[in-house]
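Q: Predicted coordinates and the sequence they were generated for:
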Amino acid sequence: MTQDMLLTMVSGVPWTIALTAVALLIGVVLGIPLCAMRMSKLVVLRMVANTLILTLRAIPPIVWLFFIFFGLDTGYVSLNPFQAAAIGLGLITAANMAEIYRGAMSAIHSGQSEASMALGLSTYHRFFDVLGPQLFRVALPSAASYAIGLLKDSAIASTIGVHEIAFEASHVSQRTFRGLDVYAVAGLLYILLSLPIAWASRWADLHLRARVAR
Amino acid sequence: MSLNSSSITQADVAPKQPLLRLDAVGKTFGTHVVLEDIDLSLAAGEVVAIIGPSGSGKSTLLRCINQLEPPTTGRVTIGDTTIEAGHTPTRRELMVLRRSIGMVFQSFNLFPHLTVLRNVSLAQERVMGRTREQADAVSMQLLARVGLADKAQQFPSRCSGGQQQRIAIARALALDPQIMLFDEPTSALDPELGLEVLSVMRELAEGGMTMIVVTHEMRFAENVSDRVIIMADGRIVEQGPSGTVMRNPQTERAQRFLHAVKDR
Ligand SMILES: Nc1ncnc2c1ncn2[C@@H]1O[C@H](COP(=O)(O)OP(=O)(O)OP(=O)(O)O)[C@@H](O)[C@H]1O
Ligand SMILES: [Mg+2]
């Protein structure tokens, strides 16, 4: 394995990180209204949210990416591969985050809401001062393991031409007719990227867990 | 006593408005009637204990008073705010109501992600508009009053159950409520820890706080409260001065209940 090959593959790392980060950000943010709709008192909102979540999760990510990249590219919208991949993975992440939030919500004791209301806190303060921070802490471990999954799944963006790790690896492999060591290096890169996420989540979990009501 | 003095007492008492009044309050979950036709009025400084078998609706009654559970019938009046069943109270009315009424829960319900001090300060800032400094100063006084000033910077999880419940009392008192509601504040505690909570409550009562206490502590009901209400099946089956009700209940249902718990 030459230095040149290695460098080519490492050049995919920033794209993998960027794609994962953007998709995660989209998902973490859009997951909030989606979860709120899912838990709404209004049947219509609940039905819309359920349908969205089901559709986003039931269709394989690669089909979503093709659909967004090739399907939406009809002249009006023109997305580059990175944008298409970020939007596709971001929406799928939103659906999954909505479910993670919902699980976390049910893990927070109902007494927290009641105590907030009895103290006269408004809905806004109840959410941002009391429930939100606890939700964050409860949701963190599942969100982190989802993030690691997303990091790996971002490899499918290679199929629409995002120059991330898997894309560069297959490129190098085709150019040099070598498979074993090239893909081993690619695998190693993914491991190296996911370790910090796992560590950070374990650290945060240990330090924050004690401060959530059970 | 002369006729004269008794007529003065009449005149003194009659115009005095009760602090809290419930008129024909009822609560139904689906078809399950949990509270029926509850009338109750509470004068300033009065301490009322509510006792009764499990499932008789004691918690639901407290929760109807501060609208954590909206009653299905009747009216709740506090000061000059009346909340009528069936009409969703405005945000303002709810705010007035909840600022006037502090509540302490069986399971403490402290905010685990905030320090003890922040637990007591939060609502003062968000609801009363006090600054952080003002709120913290009030909180420190209250924590000192319940004997926990040294815990201010700790997180609730580092405090014993009895300490947590005293913090919860300080948190409720921080909004200067006119009435305090307690829902079995010692039931989740070992007897010894329960005692430290009861003694804080006794001091509050002696300090003139108006209180409604749902409790299984028969001694507290008899010795600290002015009035005892016995509930069964969603109704008030007997009420009166604590000594009389506890030692000499008139209704068969009350006698049966007190007999069953007399060893506690
Ligand atoms: N949210 C609810 N939905 C349906 N039923 C409820 C609800 N809350 C309470 N109940 C029912 O109302 C009845 C009275 O409950 P409540 O908690 O007020 O009793 P309690 O007197 O406080 O009992 P305990 O001494 O066990 O605390 C019970 O039968 C209970 O199952
Ligand atoms: Mg109860």
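A: Perfect, thanks for sending it. Ligands and ions are numbered 1, 2, ... in the order given.

Q: Can you identify each of the helices in chain A by residue range?
A: Using DSSP state H, the helices assigned to chain A run over residues A:3-10, A:13-38, A:43-58, A:61-66, A:81-107, A:110-118, A:123-125, A:132-153, A:165-176, A:180-208.

Q: Please spell out which residues along the first one are buried.
A: Same thing as helix A:3-10. For helix A:3-10, the buried set under the neighbour-count rule, 16 or more other C-beta atoms under 10 Å in any protein chain shown, comprises A:5, A:8-9. Just so you know, the C-beta spots here come from the backbone N, C-alpha and C atoms, and that holds for glycine as well.

Q: in which helix or strand would I find the residue most central in space within chain B?
A: Relative to the mean C-alpha position of chain B, the nearest C-alpha, by C-alpha atoms, centre = their mean, is the one of residue B:181, at 1.5 Å. Taking DSSP states H and E as the definition, one finds residue B:181 inside strand B:179-183.

Q: which residues sit against that strand?
A: Contact partners of strand B:179-183, identified using C-beta atoms under 8 Å, 6 or more residues apart in numbering or on different chains, comprise B:19-20, B:42, B:58-59, B:62, B:65-66, B:78, B:100-106, B:169, B:172-173, B:201, B:204, B:209-215.

Q: Let's see which of those end up in helices.
A: For those, the ones inside helices are B:58-59, B:62, B:65, B:100, B:169, B:172-173, B:201, B:204, with DSSP H as the criterion.

Q: which parts of chain A sit against chain B?
A: Applying C-beta under 8 Å from any C-beta of the partner chain, one finds that chain A approaches chain B through A:109, A:111-112, A:114-115, A:117-122, A:125, A:129-130, A:133-134, A:137, A:208, A:210-213.

Q: of the buried residues of helix A:3-10, closest to residue B:261?
A: Of all the buried residues of helix A:3-10, residue B:261 sits closest to residue A:9, with 75.5 Å by C-beta to C-beta.

Q: so the closest one touches residue A:187, yeah?
A: No. Between residue A:9 and residue A:187 there is no contact, the gap being 10.9 Å when judged by C-beta atoms under 8 Å.

Q: Stretch B:28-48 and chain A, any residue contact?
A: No. Counting by C-beta under 8 Å from any C-beta, chain A is not contacted by stretch B:28-48; separation bottoms out at 15.5 Å.

Q: Return the residues of chain A in contact with ligand 1.
A: Selection of chain A residues close to ligand 1 by C-beta under 6 Å from any ligand atom yields an empty set.

Q: Skipping its backbone neighbours, what lies nearest residue 19 in space?
A: All of this is about chain A. residue A:154 (4.7 Å; C-beta to C-beta, 6 or more residues apart in numbering or on different chains).

Q: oops, chain B please
A: What sits nearest to residue B:19 in space, not counting adjacent residues and going by C-beta to C-beta, 6+ apart, is residue B:44, at 4.9 Å.

Q: and what of residue A:82?
A: For residue A:82, the nearest residue in space outside its immediate sequence neighbours is residue A:162; the separation is 5.3 Å by C-beta to C-beta, 6+ apart.

Q: any idea how far residue A:89 is from that neighbour?
A: Here the criterion is C-beta to C-beta, to the nearest Å. By it, residue A:162 lies 10 Å from residue A:89.

Q: Report the contact partners of residue B:28.
A: Residue B:28 is in contact with B:34, B:72, counting by C-beta under 8 Å, 6+ apart.

Q: any idea how far it lies from chain A?
A: Note on residue B:28: its distance to chain A, by C-beta to the nearest C-beta, to the nearest Å, is 19 Å.

Q: So that residue: helix, strand or coil?
A: Secondary structure for residue B:28, judged by DSSP: H, G, I helix; E, B strand; the rest coil, is strand.

Q: What residues are bridge-paired with it?
A: Under DSSP bridges, the beta-bridge partners of residue B:28 are residue B:33.

Q: Give me the pLDDT value at it.
A: For residue B:28, the pLDDT comes out at 96.

Q: my read: residue A:94 touches residue A:23, true?
A: No. With the criterion set as C-beta under 8 Å, residue A:94 and residue A:23 do not qualify as a contacting pair; they are 9.2 Å apart.

Q: Excluding covalently adjacent residues, which one is nearest to residue 64?
A: As the question left the chain open, I've gone with chain A. Excluding its sequence neighbours, the residue lying closest to residue A:64 (C-beta to C-beta, 6+ apart) is residue A:88, at 4.4 Å.

Q: um, chain B though
A: residue B:71 (4.5 Å).

Q: if I've got this straight, the one you found is in a strand?
A: No. Secondary structure assignment (three-state DSSP) places residue B:71 in coil, not in a strand.

Q: Does it touch residue B:85 like I think?
A: Yes. Contact status for residue B:71 versus residue B:85: in contact at 4.6 Å, counting by C-beta under 8 Å.

Q: Give the residues shared as contacts by those two.
A: Overlap between the contact sets of residue B:71 and residue B:85, as judged by C-beta under 8 Å, 6+ apart, is given by B:25-26.

Q: before we move on, the earlier item: could you give the angle of the strand holding residue B:181 to helix A:110-118?
A: For strand B:179-183 against helix A:110-118, the angle between stretch directions is 170 degrees (axes from the mean of the first three to the mean of the last three C-alpha atoms, to 10 degrees).

Q: Centre of the chain to strand B:179-183, how far?
A: Here the centre of mass of C-alpha atoms in strand B:179-183, compared against the chain's by C-alpha atoms, centre = their mean, to the nearest Å, lies 2 Å away.

Q: Which strands border it, and is each parallel or antiparallel?
A: Strand pairing for strand B:179-183, determined by DSSP bridges: strand B:101-104 (parallel), strand B:210-214 (parallel).

Q: what residues are up against the residue nearest to residue A:19?
A: If a contact means C-beta under 8 Å, 6+ apart, then residue A:154 has A:16, A:19-20, A:23, A:85, A:89, A:164 as its contacts.

Q: ok, residue B:118 touching residue B:124?
A: No. In terms of C-beta under 8 Å, residue B:118 does not count as a neighbour of residue B:124; the distance is 10.5 Å.

Q: Of these two, which one has the most company?
A: A side-by-side neighbour count of residue B:118 and residue B:124, using other C-beta atoms under 10 Å in any protein chain shown, places residue B:124 first with 24 against 20.

Q: between residue A:94 and residue A:23, which one's more packed in?
A: residue A:23 (26 against 23).
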